[in-house]
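K.L.:
here is a sequence together with a model predicted from it:
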Amino acid sequence: MLKLDEALTNILGDWDIYSTSIAAAILVFFAYQVFTRRDPDAHPMLLERQAHASAVRYPGESAVYRSQSSPHGMELNTGLGVRDPGISKWARGRDGDLRDIWRRVVDGPIDESGKPKRGKGRLLTVLGSEQVIEHNLGLCCIDLYRGMPTPNANCSSDEISRQISIIGMHINQQGGSRVAIYLPNSIEFITALFACTFYGLTPILLSYDQHSSTIISMLKQSNADTLIAAVGSLPFDAVTKEYPALRQLIWIVDEGSRHMDWDEVPKGTGGAINVSTWQEIIEDHKSSIADLPKSDPSNKPTNLGAFWQFKQGDADQFVEYTQPNLVSAISAQISAIPVTQRMSPSDLFLPIDSLSTVYPLVMTLAALYSNSSLALHSVAGRNANLEAATQGIAPTIIVASASTLSKAHQEVSVRMASPVLKAVHWSQTRSLTQDGVMPVASMFTRLNDSMRPAIGTTPGKLRIMFVSEQVGGDSPALSSLDLSDLRVFTGARVVYALTAAKVAGAVAQTSFYDYRVANDAGKHSHFGPPLSSVEVLLRDTKDHKSTDDLAVGEVCSSFLEAALLLIRGRLS
């Protein structure tokens, strides 16, 4: 006790202002760690084993991997589980098809017992940074900036349903069956897609902004007999001359060009082609009552055709997706998001990638089925600019190409040159990778606000970004470090998906709460587990052989209808 008393006396005898400062700093540090500590968004053990492997594997193959939400012994995710009025809340719902998605848009959300709930999504058209048109329910289109109806635009949800019916019946009456849609992201694109679905027509999505030779090649491969296109987007003479099988052309005419006669067929074109404009077709049926066909589960819906472009400007592969493929992919994407983070009527969904690409289309249809608001911008595409595409609105969820996010990452990384900014970035990255939580805003992190991309009119509102990489495509690969940087730059969670031509939606994608950065942080990021509508195995190749401890080889994906797909790629 005497020695202890002498030691304390010596310490306190030498105590001064510096000792007080050091002790206070240590106390504040530990107090900060205790009071600001948060539990990880996902338990680390859940991230270590995200897929469910089969108990048996065959020679020359790995085990078959599935999502944890659809383990072996249960069927894959097959559909939307549509609950018709009067059905018991204990009964299983129908798988449904694309027609049920639009009916959900019109009717609004429902609870588990089939009763309607409050909240209904909106449809927005973004025209530059100063004009956003809202297609309100039961009202004419409203210019949000000027607060007044837009001229010649009867685009309420009921009116859009009416246009779906009118366009579908018109194409049917003209003998059309395979309808090529060559449009940018627009309300007409959505209307044309659902018009084909409701009236037994096969929609064929043509990649927008292509050379005339590419358009003609896509029309020939798809055997389209009807084409819906924007005025000025393609050379009429060249298309009709090189593809005489085209029998019907519907122009989408902007307001400034409607005074011209677009119905006239140039002399010397050859063949019998019926040319009309979208607006005239709608105007001719202005006084008629056109209701959508009633639901008939026995009426099998048609397929949806799309082109897989390995390089910009090419039309390499034409694929037709069945409606069961599409609805299973849509349902799998909805279920892949944790319940507390799922899309809802409070969200504003913005597709920055073209809807003629299947992954953005599937995510957009998932947003519509979830009754989220949808904003459509014509600048969307593979190489769209992130900041330019979000002007005028404040999206909470976006889907973009890997090229778009890679370019945004490079632009912001160049601006992060100051040691102070790098220190802030390191702190937020550590919160993601070490603590497993999204960094929160503070006075310290606000030092980087001016360097971050200006996404939307309300910075910080964006919460989810979906991005995809195409197998065999020319899009830049994103590393796990790139994805971590994007989460820090935008404040949003990033879901990175692997897509392939014969799989609707995605083959696999990173888990929602997976913020890990690989130790090597190489060129490629892991893609996470398969979707609940897909099962994956790896087949042996000449250089790669699977063992009980290691699964390597050629990625094979089977989905819903037991079709087999070989992908030369990687999967973690």
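P.N.:
Now that the structure is in, tell me what you want to look at.
K.L.:
ramachandran coordinates for His211?
P.N.:
Per-residue torsions, His211: phi -70, psi 150 (degrees, to the nearest 10).
K.L.:
count of residues packed around it?
P.N.:
Other residues near His211 come to 13 when the count uses other C-beta atoms under 10 Å. C-beta coordinates here come from the backbone N, C-alpha and C atoms, glycine included.
K.L.:
how about Ala402, nearest residue that isn't a chain neighbour?
P.N.:
By the measure of C-beta to C-beta, 6 or more residues apart in numbering, the closest residue to Ala402 outside its immediate chain neighbours is Ser475, 4.2 Å from it.
K.L.:
that neighbour reaches Glu469, doesn't it?
P.N.:
Yes: using C-beta atoms under 8 Å, Ser475 is in contact with Glu469, at 5.7 Å.
K.L.:
can you check which residues contact both of these two?
P.N.:
Between them, Ser475 and Glu469 have Ala402 as joint contacts when contacts are counted by C-beta atoms under 8 Å, 6 or more residues apart in numbering.
K.L.:
against Leu374, how distant is Asp254?
P.N.:
21 Å (C-beta to C-beta, to the nearest Å).
K.L.:
neighbour count winner among the two?
P.N.:
In this comparison of Asp254 against Leu374, neighbours counted by other C-beta under 10 Å, the higher total goes to Leu374 at 25 against 10.
K.L.:
ok, for Ser484, nearest residue in space, not its chain neighbours?
P.N.:
The spatially closest residue to Ser484, leaving aside those adjacent along the chain, is Val517, at 5.2 Å (C-beta to C-beta, 6+ apart).
K.L.:
tell me the secondary structure for that neighbour?
P.N.:
Assigned state for Val517: coil (three-state reduction, DSSP: H, G, I helix; E, B strand; the rest coil).
K.L.:
verify the stated contact: it with Leu481.
P.N.:
Yes: counting by C-beta under 8 Å, Val517 does reach Leu481; the two are 5.4 Å apart.
K.L.:
now find how far off-centre stretch 298-310 is within its chain.
P.N.:
Averaging C-alpha positions (C-alpha atoms, centre = their mean, to the nearest Å) puts stretch 298-310 18 Å from its chain's average.
K.L.:
cool, stretch 160-170 as well?
P.N.:
Going by C-alpha atoms, centre = their mean, where stretch 160-170 is centred and where its chain is centred differ by 26 Å.
K.L.:
tell me what the longest helix anywhere in the chain is packed against?
P.N.:
Taking DSSP state H as the criterion, the chain has its longest helix at helix 17-36. Secondary structure elements in contact with helix 17-36, counted by 3 or more C-beta pairs under 8 Å, 6 or more residues apart in numbering; DSSP states H and E, are absent; no helix or strand qualifies.
K.L.:
so for that helix, what's the average pLDDT?
P.N.:
Averaged across helix 17-36, pLDDT comes to 83.
K.L.:
what residues of that helix count as buried?
P.N.:
When burial is assessed from 16 or more other C-beta atoms under 10 Å, helix 17-36 yields no buried residues.
K.L.:
repeat for stretch 38-46
P.N.:
So stretch 38-46, judged by 16+ other C-beta under 10 Å, has buried residues Asp41, Ala42.
K.L.:
likewise for stretch 509-524?
P.N.:
In terms of neighbour count (16+ other C-beta under 10 Å), stretch 509-524 has its buried residues at Gln509, Thr510, Ser511, Phe512, Tyr513, Asp514, Tyr515, Arg516, Val517.
K.L.:
what about Ala551, helix or strand, and which?
P.N.:
Assignment of secondary structure by DSSP states H and E places Ala551 within no helix or strand.
K.L.:
got it, and Ala497?
P.N.:
Ala497 is part of strand 493-499, with elements assigned from DSSP H and E.
K.L.:
the stretch 401-550 of the chain: helices as residue ranges?
P.N.:
Listed in chain order, the helices of the stretch 401-550 of the chain (DSSP state H, counting those that start in this stretch) span 402-415, 419-433, 480-490.
K.L.:
give me the mean pLDDT for the strand holding Ala497.
P.N.:
Here the mean pLDDT over strand 493-499 is 92, rounded to a whole number.
K.L.:
who touches that strand?
P.N.:
Around strand 493-499, the neighbours that count as contacts under C-beta under 8 Å, 6+ apart are 336, 341, 358-359, 405, 438, 463-471, 478, 483, 486-487, 505-510, 512-513, 525, 527-528, 567, 569, 571.
K.L.:
just the pLDDT for the closest residue to Phe318 other than its chain neighbours.
P.N.:
Nearest in space to Phe318, with sequence neighbours left out and distances taken as C-beta to C-beta, 6+ apart, is Gln221 at 4.5 Å. According to the predicted model, the pLDDT of Gln221 comes to 92.
K.L.:
on contacts alone, who are the packing partners of the one helix or strand Gln221 maps to?
P.N.:
With the criterion set as DSSP H and E, the secondary-structure element containing Gln221 is helix 212-222. Where contact means 3+ C-beta pairs under 8 Å, 6+ apart, helix 212-222 is packed against strand 178-182, helix 236-242, strand 304-308, strand 317-321.
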